[in-house]
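Novice: Sequence plus predicted model, see below.
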Amino acid sequence: MALTVQLFANSLSFSYGAERLIERLTMRAAPGARIGLVGPNGCGKSTLLGLLAGQISPTAGTIELTPTSATVGLMNQRRDGEAANTVAELIQQQTGVARAQADLDRSLEGLAEDIAGAADEYDLALNRWLALGGPGLEDRSAQALEALDIAELHGRDLVSLSGGQRAKVWLAALQVSQFDVLLLDEPTNDLDSAGIELLEQRVLEHDGPIILVSHDRRFLDVVVTDVVEFSPDPRDSVASNVSFFGGGWSAYLDERDVRRQRAQQEYETYTSERDRLGARAQTVRDWSAKGVAAERRPPDNDRAARGARIEASEQLASKARQSERALERLEQVDKPWQPWRLQFSIGEVDRSGDLVAQLADGVVQRGDFQLGPVTIEIDVGQRVLIEGCNGSGKTTMLKALFGELPLVYGESRIGRSVVLGRLDQERDWLRKPGTAVEFFMDQTGHDYPDARSALAKFGLSSDHVTRPSVELSPGEQTRVVLAVFQAKGVNTLILDEPTNHLDLEAIEQLEQALTQFSGTLIVICHDRAFIDSVEITHRYQLAGGLLEP
C-alpha cells in the first residue's frame, strides 16, 4: 500500500495555551518523499510530528490520509512517558502493535458481550493489527536483534540497558515496523556508525512518505528529498514561519542562503527608501515652515516678493505631502529573521603537568559486561575521539579513567590541576531535584542575578530556568551545561554524544567554540560532520570492552 499512500496537512494550526506553535501550515507528503524538518529547538517540529501521528489534536485545520486505511507511525527515542518495561514491550509499542493488540482485545470483548457495532470494530481492529505486522512480531523482533548483534537483549528490562543499547533496540523496532507513513524524531541519536548506516538503508528503502526531524547533517544529506524549515515569525514572538525547499539537503543549503541574502537586500532597500522619503518629507516641511514663519513677520512693501514666497511655501508643502503619500504607499518589508546564535566560548583555567588521566590495566565489571584490561594515557592538549559500536564500553571506560567507577583490577590516575567539564550522554546532572538556575549557581558559585543573565545568553528564559531541570527538553538541558562550561572555566572537556538534541545553529556554534578551546578534549560522538570539524588528534577504538591495537 505504501506506494500509493499520501499524507496532507491542510491549514494546520496548533496552540498551547496562549502560545501559537504552528500557524496555518499546509504540506503534502507524497509516496517516496523523505521530508526533513529543521529549525531551532522549540519551534514546533516535534509538535508537528505529534499532530501528523494523531497523538495531538490540532487547534485548527485537518490531516488527511489517502487511502484512509493507511497506517502512520511516530517513532522516537525519547523516554518521556514510556509505558514499556522490557525490550519486547518497547518493540511492540514502537511498532504500533501494542495499541493494535489492545484495540483487538477490546473489540473481542464487545463481540462476546454482543454490543452493537462490535463486529465492525473487530474487523477494523483486526485489519490494523495485521497491517502493522502483529502476527509473528516476536519472531521477527528476535531476528532483528540478532542481526544487530544484540540478541541477548531480547528478554532484558529497559532500565538495565545503556543508551547505545536502547538505540539499537529502537533500530530493531524500526526494522520490523510496517507503517505506511513513517515519522521519525531524532532517529540518529545514540546510534553508532554501523547503526546509522542501517538506518539510512531502512529509510531509503521505504516506499511510503517519511517525515523526520534530525540535526545530523550527513544523515540529512544522504536521505532527504525535501526540507521544511521552521523559523520564528518576525511579527510574532511565538508562531513559526515555514519555508519549503525541494531537491535535497545540499540544494536546501544553497537556496536558503540565496533566499536569506535576497530577503536582507529587500529589507535594506525598503529601509533605505523609507528613510529617504521620511527625511525628504521632514526637510521640505521644515523649509515650508520657515516660509510661513517669514510671512508672519511684518510685511515688506514688495508685494511681488511676498507673493513669490507664499507660492514657494505652498509648493514645498505640496512636495512634503507627496513624499508622505509615497511613504504610505511603500510596501513594508519585515526585517528578516536571523538564526539564533549561541555565541559562546568555553572558559579555560590554567593547568599544571602534562598528564590528564591514565588507566593502567584497568578492569571494570558491570553486570555481565567486562571492560578491560585497558591501558590508556591522555595528555594535555590532546583532542581524543573514543570510537566503538553501541555497548562496546566507551562511556564505561571514560568513567573508569577519571575514577568514577571502581576498578576490579588495575589503577587510574588523574593529573594535577585537572578541572573537568563533562557533558554526559544521559545529562544525569540535570535529573536531580532543583531548577536550572539552582543547578547553575551550585556549579559556578554565581549569585541569582548573574546566573539568570548567563543562562539568558543561551536562549533560556525566566520560564525555563525557574522550572525543575527534569522538565527541560534535552536540548535545553544541554544548553544549561554549556553555560556552566563558559562560566566555570575548565581545562579538560568530556563530551559524550554532545550533538544529541541540539539544533543545527547551536551545533555549529559548539564546533566553533571547541575549535578555539586550547585545553584537552575527549569526545564520544557518531556525528560525522561534528567529528570532522573539531580537529581530532588521537583516535581509540573499543570493541567488546577492549582497546583495539
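Specialist: Nice, thanks for sending it over.
Novice: Can you get me a residue count around Glu508?
Specialist: Using other Cβ atoms under 10 Å, the number of residues around Glu508 comes to 18. Where you see a C-beta, it was placed from the backbone N, CA and C, and this is true even at glycine.
Novice: Tell me the secondary structure of it, please.
Specialist: Assigned with DSSP: H, G, I helix; E, B strand; the rest coil, Glu508 falls in the helix class.
Novice: so who does it touch?
Specialist: Residues counted as contacts of Glu508 (Cβ atoms under 8 Å, 6 or more residues apart in numbering): none.
Novice: Could you do Ala29 as well?
Specialist: With contacts defined as Cβ under 8 Å, 6+ apart, Ala29 is in contact with Gln6, Leu7, Phe8, Ile35, Val181, Pro209, Ile210, Ile211.
Novice: From the contact counts, what lies against the biggest helix by length in the chain?
Specialist: Ranked by residue count, the top helix of the chain under DSSP state H comes out as helix 249-296. If you count contacts as 3 or more Cβ pairs under 8 Å, 6 or more residues apart in numbering; DSSP states H and E, helix 249-296 packs onto helix 217-223, strand 226-232, strand 240-246, helix 303-329.
Novice: report the angle between the axes of the third one and strand 226-232?
Specialist: Meaning strand 240-246. 160 degrees (axes from the mean of the first three to the mean of the last three Cα atoms, to 10 degrees).
Novice: State the mean pLDDT of strand 240-246.
Specialist: The average pLDDT within strand 240-246 is 82.
Novice: tell me how far it is from the chain's mean position?
Specialist: Computed by Cα atoms, centre = their mean, to the nearest Å, the chain-centroid distance of strand 240-246 equals 16 Å.
Novice: Could I get the contacting residues of Leu183?
Specialist: Per Cβ under 8 Å, 6+ apart, neighbours of Leu183: Leu49, Leu52, Ala53, Val72, Gly73, Leu74, Met75, Ile210, Ile211, Leu212.
Novice: So which elements touch the helix or strand harbouring Ala119?
Specialist: Using DSSP states H and E, Ala119 maps to helix 118-131. Other helices and strands packing on helix 118-131, by 3+ Cβ pairs under 8 Å, 6+ apart, are helix 97-112.
Novice: between the helix it packs on and helix 118-131, how many degrees?
Specialist: Going by the same axes, to 10 degrees, helix 97-112 makes 160 degrees with helix 118-131.
Novice: and the contacts of Ala29, which of them are in helices?
Specialist: Among these, no member falls in helices (DSSP H).
Novice: just how off-centre is the longest helix of the chain within its chain?
Specialist: With Cα atoms, centre = their mean, you get 37 Å for helix 249-296.
Novice: That helix relative to strand 240-246, how many degrees between them?
Specialist: 130 degrees.
Novice: ok, Gln6 - how many residues close by?
Specialist: Neighbours around Gln6, by other Cβ under 10 Å: 18.
Novice: Now it: closest residue in space, sequence neighbours ignored.
Specialist: Thr66 (5.0 Å; Cβ to Cβ, 6 or more residues apart in numbering).
Novice: quick one: pLDDT of the one you found?
Specialist: Thr66 is given a pLDDT of 92.
Novice: Over to Pro298?
Specialist: 51.
Novice: Ok, Glu377 next?
Specialist: For Glu377, the model assigns a pLDDT of 93.
Novice: quick one: it is in a strand?
Specialist: Yes - under three-state DSSP, Glu377 falls within a strand.
Novice: Next up, the contacts around it.
Specialist: Leu355, Ala357, Gln358, Leu359.
Novice: beta partners of the second one?
Specialist: By that I understand Ala357. Ile378, Ile414 (DSSP bridges).
Novice: could you measure the closest residue to Pro209 other than its chain neighbours against Asn76, distance?
Specialist: With sequence-adjacent residues excluded and distances taken as Cβ to Cβ, 6+ apart, Pro209 is closest to Ala29, at 3.6 Å. Distance, Ala29 to Asn76, by Cβ to Cβ, to the nearest Å: 18 Å.
Novice: One more: Val363?
Specialist: Following Cβ to Cβ, the distance that separates Val363 from Asn76 is 36 Å.
Novice: repeat for Leu514
Specialist: From Leu514 to Asn76 the distance is 28 Å (Cβ to Cβ).
Novice: show me where pLDDT drops low in the stretch 101-250 of the chain?
Specialist: 232-240 (pLDDT under 70).
Novice: How many residues are close by Glu255?
Specialist: Glu255: 15 neighbours (other Cβ under 10 Å).
Novice: Am I right that it is in contact with Gly248?
Specialist: No - between Glu255 and Gly248 there is no contact, the gap being 10.5 Å when judged by Cβ atoms under 8 Å.
Novice: of the contacts of Glu377, closest to Gly475?
Specialist: Of all these, Ala357 has the smallest distance to Gly475: 29.0 Å, by Cβ to Cβ.
Novice: contacting residues around that closest one?
Specialist: Glu377, Ile378, Leu401, Phe402, Ser412, Arg413, Ile414, Gly415, Val418, Thr492.
Novice: and with 6 Å instead?
Specialist: Shown in contact with Ala357 (Cβ atoms under 6 Å, 6 or more residues apart in numbering): Ile378, Leu401, Phe402, Ile414.
Novice: List the contacts of stretch 14-27.
Specialist: Ala9, Asn10, Ser11, Leu12, Ser13, Gly44, Thr47, Pro58, Thr59, Val238, Ala239, Val242.
Novice: between the residues you listed, which has the most around it?
Specialist: Gly44 (25 neighbours).
Novice: Now do that residue against Asp496, distance only.
Specialist: The value you get for Gly44 to Asp496, if Cβ to Cβ is used, is 28 Å.
Novice: same thing with Glu152?
Specialist: From Glu152 to Asp496 the distance is 24 Å (Cβ to Cβ).
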